[in-house]
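Participant: Predicted model and sequence follow; I will ask about them next.
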Amino acid sequence: MSDFFDGATSSKWQASFQRDGFLYIPGFLSGSEVGAAINRLDTLILDKVPSMPPEQAFYEDRDDPSTLKQIQSLYDHHTYFYDMMFGSRFEALAALLLNDRVVGRNMQYFNKPPRIGQPTPPHQDGYYFMLEPNEAVTMWLGLETVDEENGCVRYVRGSHRKGMRSHGRTGVLGFSQGMTDYGRPEDHAQEVFFRTSPGDLLVHHALTIHRADGNRSTSRTRRALGFIYYAKRAQEDTVAKMTYQQKLADELRAAADIKG
């Protein structure tokens, strides 16, 4: 970890993450690094996404390629993204914040297309992860300017220390489970949001409550990369996870068949 971050910076980031359940790091990637990531991503979207199965590439409208909203497992599709995920600054930061060796579990592309990009419902990622203990981080790297108009991320400060809340079906593709009891006074009182520039990084704990606005812009996209790392000490309920993923895949295929 010391190869990537100095001691004072590491201590500051650890303290902030432990206190709040999230961390904001402006300029984690340089402008040229963001540009390189966008170029690789655009090539992948053009060359490989059209042939991906429905559980790998999600659209707001499958009949309209411009409404692509999510791609799973980017590192399986290009060595550039594999190198971003593994043995990288991102992996080192996850290990630092979780105080453990980590296992990279997913790298995703996210977008909210103009006008139709839906809000991301309040949820805790740990509900999907099915870990014991529920020790993991999700990272969100902005590829363009994001604000209240096109869908900024919102966190409930300190919620990672209060356990898992009730979740249920949402009907939102890519975020099938959301909190059923969000909106308590303390949720609103502790909610904070971040306006971000390209290259800025947000990191949150698996139990941190978060959501994101929809895209109300008529012309601006809201593109980002997501990274998920589990702490080595966290054990996955593989049977429950496979059952959930199979059910989700079946629902996505059924939805695609209906659209077709």
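Facilitator: Yep, it's here.
Participant: and the closest residue to residue 206 other than its chain neighbours, how far is that from residue 138?
Facilitator: Nearest non-adjacent residue to residue 206, counting by CB to CB, 6 or more residues apart in numbering: residue 126, 3.6 Å away. Where C-beta positions appear, they are placed from N, C-alpha and C, glycine not excepted. According to CB to CB, to the nearest Å, residue 126 and residue 138 sit 10 Å apart.
Participant: which residues do these two both contact?
Facilitator: residue 206 (CB atoms under 8 Å, 6 or more residues apart in numbering).
Participant: Report the contact partners of residue 97.
Facilitator: 13-14, 17, 23, 137, 203.
Participant: Dump these into JSON lines; add neighbour count as well.
Facilitator: Below are these laid out as JSON lines (neighbours: other CB atoms under 10 Å):
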{"residue": "13", "neighbour count": "18"}
{"residue": "14", "neighbour count": "15"}
{"residue": "17", "neighbour count": "21"}
{"residue": "23", "neighbour count": "23"}
{"residue": "137", "neighbour count": "26"}
{"residue": "203", "neighbour count": "26"}
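Participant: Show me what residue 211 is bridged to.
Facilitator: Beta-bridge partners of residue 211, counted by DSSP bridges, are residue 154.
Participant: How many neighbouring residues does it have?
Facilitator: 20 (other CB atoms under 10 Å).
Participant: got a list of what the residue nearest to residue 206 touches?
Facilitator: 134, 136, 164, 206-207.
Participant: Run through who's touching stretch 77-87.
Facilitator: Against stretch 77-87 from outside (CB under 8 Å, 6+ apart): 36-37, 40, 43-44, 48, 71, 74-76, 90-91, 104, 107, 225, 227.
Participant: Pull the distance from it to the chain's centre.
Facilitator: 16 Å (CA atoms, centre = their mean, to the nearest Å).
Participant: Return the set of buried residues in that stretch.
Facilitator: 77-78, 80-82, 84-85 (16 or more other CB atoms under 10 Å).
Participant: from those, which single one is nearest residue 122?
Facilitator: Among those, residue 85 lies closest to residue 122 (CB to CB), at 26.7 Å.
Participant: Please tell me how far the closest one sits from residue 120.
Facilitator: From residue 85 over to residue 120 (counting by CB to CB), the distance is 22 Å.
Participant: Then residue 178?
Facilitator: For residue 178, the distance to residue 120 - CB to CB - is 8 Å.
Participant: give me the low-pLDDT residue ranges for the protein?
Facilitator: Applying pLDDT under 70 to the chain flags residues 1-2, 171-176, 248-249, 251-260.
Participant: If we ignore the residues flanking it in sequence, what's nearest the residue positioned nearest the centre of it?
Facilitator: Nearest residue to the geometric centre of the chain (CA atoms, centre = their mean): residue 226, 4.1 Å. Setting aside the residues directly before and after it, residue 226 is nearest to residue 108 in space (CB to CB, 6+ apart), at 4.2 Å.
Participant: Assess the claim that that neighbour and residue 141 are in contact.
Facilitator: No. Between residue 108 and residue 141 there is no contact under CB atoms under 8 Å: 10.5 Å.
Participant: who touches both of the two?
Facilitator: With CB under 8 Å, 6+ apart as the test, residue 108 and residue 141 both reach 225-227.
Participant: so how far is whatever helix or strand residue 104 lives in off the chain centroid?
Facilitator: Using DSSP states H and E, residue 104 sits in strand 102-110. How far strand 102-110 lies from its chain's middle: 8 Å, per CA atoms, centre = their mean.
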